[in-house]
Each structure stands twice: as C-alpha cells, then as structure tokens.
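1. Build the 3D model from these lines:
(2 chains)
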Amino acid sequence: MSVRDNYLPLRYNDSKMVLIAIDPYNIYTYWEIKKEDLKTHMNNIGEDFWNKSVPALKVTNLSKNHSFLININDNASDWYIHVKEPGSLYKAELGRHINNSFICVIGSNCALTPNNTVSKNNHVIFADCSQPLPQINLDNVTYSTVLYNFIYGLGSSEIYYRDSVSKESFLIYGYNGYSFYS
Amino acid sequence: MFKGYLSLILNMHLPFVRHPENDSMFEEKWLFEAISESYIPLIGVFGNLINEKINFRLTISMTPSLISMLNDELLQKRYKRYLESMIELTEKEVIRTKYDIRLNELAKFYNRKYKEDYHKYVGVYKCDLIGTIKSFQESGTVEIIAGAATHGFLPVYETCPKVIDAQVGIGVKTFLEYFQKNPKGIWLPECGYVPVIEKVLGRYGIKFIVIESHGLLYANPRPVYSLYRPIVTPNGIVAFGRDTESAKEVWSAETGYPGDRDYRDFYRDIGYDLDFGYIKNYISRDGQRVNTGIKYHRITGKTNEKKLYNPEGAVKKAGMHATDFMNRRIKQAEYIFDKIKKRPVMVCPFDAELFGHWWYEGPVWLDFLLRKLYFEQDTIRTATLSEYLEENPVMQISNPNPSSWGCNGYSEYWLNGSNDWIYRHLHKASERMTELADSHPGSSGITRKALNQAARELLLAQSSDWAFIMKSGTMVQYAIKRTKEHLNNFTKIYNSIKECNIDESWLNSLEQKNNIFPKIDYRIFSSFFNIGNIG
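-> Predicted structure coming up:
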C-alpha cells in the first residue's frame, strides 16, 4: 500500500461534536462543522459578532448545573478539557465568545466522568442472582422503596437492606427474616 | 478450614497479525513466540495436572482474533516452519558453543525445547491448540469465557453503541462456534468498563465480567465487602473486582516475582549478541536485529553485566515464589474472613502471555502453585468464576465505576496525544457501517461479500492493540499502518457499495488476506439488528 493509499481525510463534511471521558478529571472532545452549516451560523450570528468574537468551548457540568468557558483558536478541531468534579455528567458546546456572551454553534453528547473515591451512598441492598432481578434505579433507593421493590417485588429471593455501613450494628430487613450478619 | 476462594484468570489475546502477502512478516512472530513460550507450556501444565488428577480450577478467556489465528492453516504451516528454523538455529548453537560447557548445555536446552514443541504441536495436539484447551473445559477444571471480537477498547465507543454490540456479539458467536456452548462470562478488553456495555452483555446472556479494583471499590452504592465479593448491577451483570494485592506480586517488573535475579532475562538475546553474518537468517529480513527467543542469561541485576542462565536454579526459585504466593493468599483469606465473616474471592487476572513469553518461568510457577494449593493446605480453594457464583448467589446490588486496568486506571492509555487522531476516523467508519447495514437489510452475491468484508476491516481497525502500541512507542509505524490500512479498506468498500461499483478481484484478495470471522454477518451493525435475526 502506498503513502497515497494510506491518506486519511482531515474532514468528513459532517457537523458533529463528540465528547469522551478519559478519567475523573479529563475529557476529550473532537468536532467538525460542515462549511455550509458554518456559513449558516455566521449569517445567523451576524458577521460583526462573528469577527469580533473568538471560538470557545462551553463546558457544562449537568450534574452540578454550572459551566465554564475555554477560549480556543480557529485551527483547533479537538481539545483536552480539565474538569474538577469526578462522577459528573458533562456536555460541551463549541461556539463564539465575546465579553459575557456565548453563542453555541454545535453541541456534544453527554459524557460521565468516573468517580475517584468511594461512594457516599450507603444504601445497601442484596439480591439472589440465581433469580431474575427486579427493575431498580439505585439512585432513587430509599428505605420504603427498598421494602416495596424487594419484599413485594421479588418473591422468595433473599433480599437484605443495610441502613448504613458506618454503623457498628446493622438494620437488616429480609423477606424471610434471615439475618445476613450472624 | 475453608476460608476463601482464589480465582486465577488467564487472558489469551494477540492482535490479528496474519500477513499472507509477506512470507517473513516479523509481526507473525508475536504469535509464534506466544505459542512456543506461553501457550504450549501452559497447555502442558494443565494437561499434566488433569492427568495426575490434581484438582484445580482456572478461568481462561480467549479473544476471537487469537482463536482465528490459532485455527488458520497458513499460520499453522508458518508456525511449523518457525519451529524448524528454531531447531536449525539451536543445532548451530550447539556446535558453536561446544567449547563452553555451560553455554553448550543451554544451547542443548533450547534445542530440546523446540524439538519437543514440534513434537507436541504436530504429533500430540495435531496443530489444534483450541481443541486441546476445549478438552480442559470438558474435564471441568477450566472454564473458558469469551473475549470481544478484536479486543476493541469499549469505553471509547460509548457514542457508537453498535460497535459495542458487534464486539460483544461476534465474541459470543465465535465462542459458540468453537466451544459449542454459550459463554457465561466475557473478558472486557483491558477491563475497560462503562455502564453502556451492560445492556449489550445482558442481550447476549453474559452473566459476569471482571473489572479493575477501583471499578468495584468506587461503585455506587458503596460495596460492603470491598473487593472481596462481587456485586451485581441493576441490569443483572455480576462484576468481580481484580485483587490489587496479588496483582502486584505477579505483575510488577520491579517488585514482583518476574524481576527476580535468577529468572531468565528477556532482553538479552542472541539476535543482538551474535555476528550479523551468523544470525542474519534468524532475524528480520531487512537486517534489523530482533529477539530470536534464544536467551542465555539471567536477570542478575540492573547493570548489563549478566550471568549465565541456570534453568534448574530458576525452577527452584519458581517453587519458592509459588509457596510465597500461596502463603500470602492464605493469610489474606484468613484476615478478610475474620473481618467480614464471609468467604472472600481473590480474583487474579493475568495476560496469559506474561507466563512464559515475558516471564519464562511463569508456567512452572503456576504448576507449582496449583500443586501446592492442592496438596499443602485447605484454607483456600481455587474456583472458576461460574463456580463461585453457583455457591454464592447472594450479592450486593451496585453500579460499578467506569475504569480499566491500564495505566492510571481509566482510558488514558488508549486516548491521549499519541493516538487520539484515530477516533475521529474509527467513529465515522462505525457510523458508515451502520448506514450500510441499515440500507441493506437483505443482500446477496458480491454486495453481501463486500458488506461482510467492510465489517471485518472495521473490526480489525478497532483493535485496542494499535492505540496501545502508538502510546507505548515500540512498533508504532506498524500500528499506524494497520489502523490506516483497515480504515482505508473500509472506506474503499463503503464508496464502492454506494456507487454500485465493487472491484471484485480486489475484494477477493482482501477477503483472503484479512480472513478473520469467515461467518460474519454485517447486519450485526444494523440499528434494526436483534439477536434472533442472525443465525
């Protein structure tokens, strides 16, 4: 295969922005905007604003509902973004920035940064995996939903709920009254 | 008293390095060296233990790319030729070293080794290593689990769910084809986990995965038993966590067993030491000096002054290290059992190629370990992951943390300044593959052939090995060439299908060259795909 054959295009004439979480503190984004789409955006935004503004990334932490801006340059087509909150859902937008105004040109998918520490969530539920698991959203687990979902939802499976791992003694609720810690 | 489980896992994987176009492609030696130094010795260890009725349990994962190569007639033929060449070289070495008794003994040691390899591979295993490994599964001692199609690092494909579907789906189908049963578990490439993978695993009936330690430790809600009992996700996938303590003892090149001064030195090789005229037929065709596999020295120390290798001394040391490893696991199990009043499971996954290829004495160490565990103690028991689950079905429900077992524990090694450029192209090609599959829900003849080859080229480009090599800095040009070549092949097929202008003779030659997954069905990339659609 010749060098010519090994050429990969710089662009695909697409408009898209992709965001990938690398680790708890870093995310990577790359993007491409079709020439036609860029023209449309320039027209919509206005030539004056466009020329006076700089390209920028707006990074939003959707979990904590705040965002920040990074001024970039017109030649960039990817960027490594340092973020401060592990375990958060982020979204990025590419747009134009001047003074306190940011106008979005294209937005990314959402990416979740991993946690970098043990969870503070102490709602502990056990299930018997030899039987089908019920539908559960662990984010919404409360004392009452645990009782409802598992005692009434799972039939004869052995399910246990521990109130808090920080306590010496545990509150254990089970369908058949079985104590997990003997 | 029985206080804990030890789950040893060997992950067998190599990238697809079949080069029919080149009679002496250096990269094919990766496979040949792995067969001689790791796979045949490990198969020998397991076979002997089974024949001697020594009870042990072990989990092996095999990736489809490796399975395809081990089953490939051309590569089998070339492996035999490799062995013939090694026998020839070691016979020359026996003559060359005849005036140095110790060196001569080592030359004879290698000569015997390669002759035995030839006898075992051709005469005993009938070139069928997969069938031999399969027979271990049938004996009940070894559990084989699936691997992803081409070992694609899945966390970087969160935005391309069809890629995850194809990597997992083809992995499961390949497993079924070769082992005639559905796999209960799958080895996630590089232990790379992100939540989106789970639903795909569930669709293929996968029950368990192995994740890096902090994937479990940082799970939400907090795991009660730390690393030492698995968790089950709300989607019903059981996640075992890699034990950090035992990992250090085996993996670490500096503080782990493989770095011991009595073990064989990997880097000192006659491919670099001997006169060019003498060694030229056994190194790279272009004259580049490379490892031959004949290494006469032991690690000795950190300087270049190396003492001659002493195989008997190294075996003795492997026995000592096996005893040490066993005693540490016993103490670990006793301590954890005392704390949690439950039997812990210590999950120890390793790359199979570490044993033998990188750590020459690794297979002997494993042999000692499994024998000692059987004869010398009753505190811990080896168990396959399925066996553990059958005996311990009750576990905590929790969501694992995204993680991998790569450098610093996340995606950094596969996504950084040295390799980030590939993802723009890999993602685009994946989108295009789904576009092709969606627009051709049924196809036949040359179009079907083209669609299937497009899927093969895309999967080959996705191999995590290329990004890894780009970052590691050795053989970088090869990794770049492979990535670009498969992407370009894909794009050429994509364009030719769109333009209804398929070059059949080029397609045929490509199909013969990159012949991985002969039964592939491109529709696995379709948005409308469901498992029942494809046989």
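
2. Just the helices from chain A, written as ranges.
-> If DSSP state H is used as the criterion, the helices of chain A fall at A:35-45, A:47-52, A:143-146.

3. Any chance of JSON lines for these, columns mean neighbour count?
-> For the C-beta atoms, the positions are set from N, CA and C on the backbone; glycine is no exception. Below are the helices of chain A laid out as JSON lines (neighbours: other C-beta atoms under 10 Å in any protein chain shown):
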{"stretch": "helix A:35-45", "mean neighbour count": "13"}
{"stretch": "helix A:47-52", "mean neighbour count": "12"}
{"stretch": "helix A:143-146", "mean neighbour count": "14"}
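
4. pLDDT on stretch A:13-20, on average?
-> The pLDDT scores in stretch A:13-20 average 96.

5. err, stretch B:6-23, not the other one
-> Mean predicted confidence for stretch B:6-23 is 95.

6. and the strand ranked longest in chain A, average pLDDT?
-> The longest strand of chain A (DSSP state E) is strand A:101-112. Strand A:101-112 carries an average pLDDT of 95.

7. Contacts for that strand, please.
-> A:15-21, A:27, A:29, A:31, A:33, A:37-38, A:41, A:45, A:49, A:53, A:56, A:58, A:62, A:69, A:87-96, B:158-159, B:194-195, B:402 (C-beta atoms under 8 Å, 6 or more residues apart in numbering or on different chains).

8. now, which of those residues lie within strands?
-> Using DSSP E, the subset of the contacts of strand A:101-112 located in strands is A:16-21, A:27, A:29, A:31, A:56, A:58, A:69, A:89-96.

9. Write the PyMOL selection for whichever of those residues are buried.
-> Only the buried entries of the ones in strands among the contacts of strand A:101-112 go into this PyMOL selection, using 16 or more other C-beta atoms under 10 Å in any protein chain shown:
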select buried, chain A and resi 16+17+18+19+20+21+27+29+31+56+58+90+91+92+93+94+95+96
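
10. Please list which of the ones in strands among the contacts of strand A:101-112 also come close to chain B.
-> Taking C-beta under 8 Å from any C-beta of the partner chain as the test, chain B is in contact with A:V18, A:I20, A:A21 out of those.

11. Check whether the first one really touches B:K428, as I assumed.
-> No - in this structure, A:V18 is not within contact of B:K428 by C-beta atoms under 8 Å, at 10.0 Å.

12. Could you report the distance from the spatially closest residue to B:P221 that is not a sequence neighbour to B:S284?
-> In space, and not counting its chain neighbours, B:P221 is closest to A:N121: 4.1 Å by C-beta to C-beta, 6 or more residues apart in numbering or on different chains. From A:N121 across to B:S284, the span is 55 Å (C-beta to C-beta, to the nearest Å).

13. And for B:S411?
-> B:S411 is 33 Å from B:S284, by C-beta to C-beta.

14. Which one of these two is surrounded by more residues?
-> More neighbours surround B:S411 than the other of B:S411 and B:S284, with 27 against 14 (other C-beta atoms under 10 Å in any protein chain shown).

15. looking at it, B:E504 is touching B:T447, isn't it?
-> No - using C-beta under 8 Å, B:E504 is not in contact with B:T447, being 10.8 Å away.

16. Tell me which of those two has more neighbours.
-> Ranked by neighbour count (other C-beta under 10 Å), B:E504 and B:T447 place B:T447 first, with 15 against 12.

17. That one - that's part of a helix, no?
-> Yes - secondary structure assignment (DSSP: H, G, I helix; E, B strand; the rest coil) places B:T447 inside a helix.

18. residues in contact with residue 87?
-> With no chain named, the answer covers chain A. Contact analysis of A:G87 by C-beta under 8 Å, 6+ apart lists A:P24, A:S63, A:L112, A:T113, A:P114, A:N115, A:N116.

19. Chain B was what I was after
-> B:I87 neighbours (C-beta under 8 Å, 6+ apart): B:N111, B:Y114, B:K115, B:Y118.

20. can you tell me which of those residues are in helices?
-> Using DSSP H, the contacts of B:I87 in helices are B:N111, B:Y114, B:K115, B:Y118.

21. just the buried members of these?
-> Applying 16+ other C-beta under 10 Å to the ones in helices among the contacts of B:I87, the neighbour count classes B:N111, B:Y114, B:Y118 as buried.

22. I'd like those residues laid out as TSV, including distance to chain A and pLDDT.
-> As requested, those are arranged in TSV below (distance: C-beta to the nearest C-beta, whole Å; pLDDT from 0 to 100):
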residue	distance to chain A	pLDDT
B:N111	39	98
B:Y114	34	98
B:Y118	35	98
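
23. Kindly state the beta-bridge partners for B:R264.
-> Taking DSSP bridges as the rule, B:R264 bridges to B:R298.

24. from what I can see it touches B:T300, true?
-> No - if you go by C-beta under 8 Å, B:R264 and B:T300 don't touch, sitting 10.6 Å apart.

25. Now render the ones next to chain B among the ones in strands among the contacts of strand A:101-112 as TSV, adding distance to B:L106.
-> Listed next are these as TSV, based on distance: C-beta to C-beta, whole Å:
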residue	distance to B:L106
A:V18	54
A:I20	49
A:A21	50
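
26. with the buried ones among the ones in helices among the contacts of B:I87 in mind, which one is nearest to B:A333?
-> B:Y114 (40.4 Å; C-beta to C-beta).

27. For B:S65, see how far away that closest one is.
-> 26 Å.

28. Make sure B:I87 is indeed in a helix.
-> Yes - under three-state DSSP, B:I87 sits within a helix.

29. Next one, pLDDT for it please.
-> At B:I87, pLDDT is 98.

30. From B:K80, how far out is it?
-> B:I87 sits at a distance of 11 Å from B:K80 (criterion: C-beta to C-beta).

31. Over to B:H214?
-> Computed as C-beta to C-beta, the B:H214 to B:K80 distance reads 44 Å.

32. ok, now B:N514?
-> Distance of B:N514 to B:K80, computed by C-beta to C-beta: 23 Å.

33. what's B:I197 in contact with, if anything?
-> Counting by C-beta under 8 Å, 6+ apart, B:I197 has contacts B:L154, B:I164, B:V168, B:L188.
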